[in-house]
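>>> quick one, fold the following:
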Amino acid sequence: MLKHRLRLLQEEMEIKLKQIHVAHQHRGNRGENAEEIMREFLREFLPPFNRIGQGEIIDTKNNISNETDVVILNEYHPYLNELSKPSLFFIEGVGAVGEVKSLLSSNDIETTLNKCLNFKKMHINMQTGATVQGNESDIKRFIDKRPFFLVAFKSQLTLATIHEKVSEFNMRNDLDIQYQIDGIFILDRGTIFNLGDGQGALKFGSIENPDQFATGLVSINKEVDDLVLLNLLIFLSTSMVKLDLPKSIVQDYLFV
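Okay, the predicted model is just below:
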């Protein structure tokens, strides 16, 4: 029964995504804009306070991110941005960011992972008196840093190849969990979750040992589980950890 209801939910998401795609095609050149299609989809399904934009992100140490396809804001980001075009955002007001590809290639993997690493190196200024509702594992990954994900409509690569390339990049750069990409969602291939140390809110039992939780990268081929859009939204709901701030984030940028 539960699986049937989840299937219906996924079908509703797929219908909405197709409707958005068709609407963009009718607008002319914007019809192939995969980034805007995904931003509109997220606007439909995320809470209203998670406003969706695109552009660059800055921190109080004068670091600037790469141009980012999807910027999901939390409730603390001020209403200073024109979200219909690329803008500039404050890292403390960002809930998560994502890269979007219409057709994922091998070169796209390396480029995306480098963008992710640059973003994860940014400084987040934690205010005195801030409180967080989450476990230690998620706080380290998603409050001290912020979630980074990849969405692609189609891929030239198999899910296994993508998994291998991400693992190789992480090992080559000797990356701790909080500097790694957090989720990959390929609509025609499947899902790759990064479960970190296995102690976060998003967890699965290990195939080898059901009494333990899986860790690191876990691939789920579409043939096994085709609920890719649902997986994306579950990932966002568990990785954007609830944060309570006592003052406006803009104050820390007044004298930068």
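
>>> wait, what's in contact with residue 182?
By C-beta atoms under 8 Å, 6 or more residues apart in numbering, the contact list for residue 182 reads 141-142, 147-149, 194, 235, 239. In short, each C-beta sits where N, CA and C put it, glycine included.

>>> just the element for residue 220, please.
strand 217-221 (DSSP states H and E).

>>> could the contacts of residue 182 go into CSV alongside secondary structure and distance to residue 54?
Shown next, in CSV, are those (DSSP: H, G, I helix; E, B strand; the rest coil; distance: C-beta to C-beta, whole Å):
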residue, secondary structure, distance to residue 54
141, helix, 23
142, helix, 21
147, coil, 16
148, strand, 14
149, strand, 14
194, strand, 23
235, helix, 19
239, helix, 19
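
>>> save those as TSV, and put in pLDDT too.
TSV is the format used below for the contacts of residue 182 (pLDDT from 0 to 100):
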residue	pLDDT
141	94
142	94
147	98
148	98
149	98
194	97
235	96
239	95
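
>>> buried ones from those, can you make that a ChimeraX selection?
In ChimeraX, this line selects whichever of the contacts of residue 182 come out buried by 16 or more other C-beta atoms under 10 Å:
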select :141,142,147,148,149,194,235,239
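
>>> just the contacts of residue 182 now: which is nearest residue 133?
Checking the contacts of residue 182 against residue 133 by C-beta to C-beta gives residue 142 as the nearest, at 11.7 Å.

>>> follow-up on the earlier one: and the strand holding residue 220, what does it pack onto?
When contacts are defined as 3 or more C-beta pairs under 8 Å, 6 or more residues apart in numbering; DSSP states H and E, strand 217-221 sits against helix 159-172, strand 190-194.

>>> among the ones you listed, which is the most enclosed?
strand 190-194 (a mean of 25; mean count of other C-beta atoms under 10 Å).

>>> distance check, residue 120 against residue 19.
Going from residue 120 to residue 19 by C-beta to C-beta, to the nearest Å gives 34 Å.

>>> looking at those two, which one has more neighbours?
Taking other C-beta atoms under 10 Å, residue 120 and residue 19 do not tie; residue 120 has more neighbours (21 against 13).

>>> so what pLDDT did the more buried one get?
Listed pLDDT for residue 120 reads 97.

>>> show the contacting residues for it.
Taking C-beta under 8 Å, 6+ apart as the contact definition, residue 120 lies against 145, 148, 178-180.

>>> flag every buried residue along the lengthiest helix in the chain.
The residue-count maximum for a helix in the chain (DSSP state H) belongs to helix 2-26. By neighbour count on 16+ other C-beta under 10 Å, the buried set for helix 2-26 is 10, 13-14, 17, 20-21, 24.

>>> which SSE is immediately downstream of that helix?
Using DSSP H and E, the helix or strand that directly follows helix 2-26 along the chain is helix 34-45.

>>> so residue 103 sits against residue 155, correct?
Yes - between residue 103 and residue 155 a contact is recorded at 7.2 Å, counting by C-beta atoms under 8 Å.

>>> the more surrounded of the two?
For residue 103 versus residue 155, neighbours defined as other C-beta under 10 Å are more numerous around residue 155 (22 against 12).

>>> so the more buried one sits against residue 190, correct?
No - with contacts counted by C-beta under 8 Å, residue 155 stays clear of residue 190, the gap being 9.5 Å.

>>> what's the closest of the contacts of residue 120 to residue 38?
Closest approach between those and residue 38, by C-beta to C-beta: residue 148, at 14.6 Å.

>>> so which strand or helix has the closest residue in space to that closest one that isn't next to it in sequence?
If the residues on either side of it in the chain are set aside, residue 148 comes closest to residue 116, at 4.4 Å by C-beta to C-beta, 6 or more residues apart in numbering. According to DSSP H and E, residue 116 maps onto helix 106-120.

>>> could you do residue 78 as well?
Residue 78 belongs to no helix or strand when elements are defined using DSSP H and E.

>>> who touches it in this structure?
Counted by C-beta under 8 Å, 6+ apart, residue 78 has contacts 90, 93, 248-250.

>>> which strands or helices does the longest helix of the chain pack on?
Helix 2-26 sits against helix 34-45, helix 228-239, with contacts defined as 3+ C-beta pairs under 8 Å, 6+ apart.
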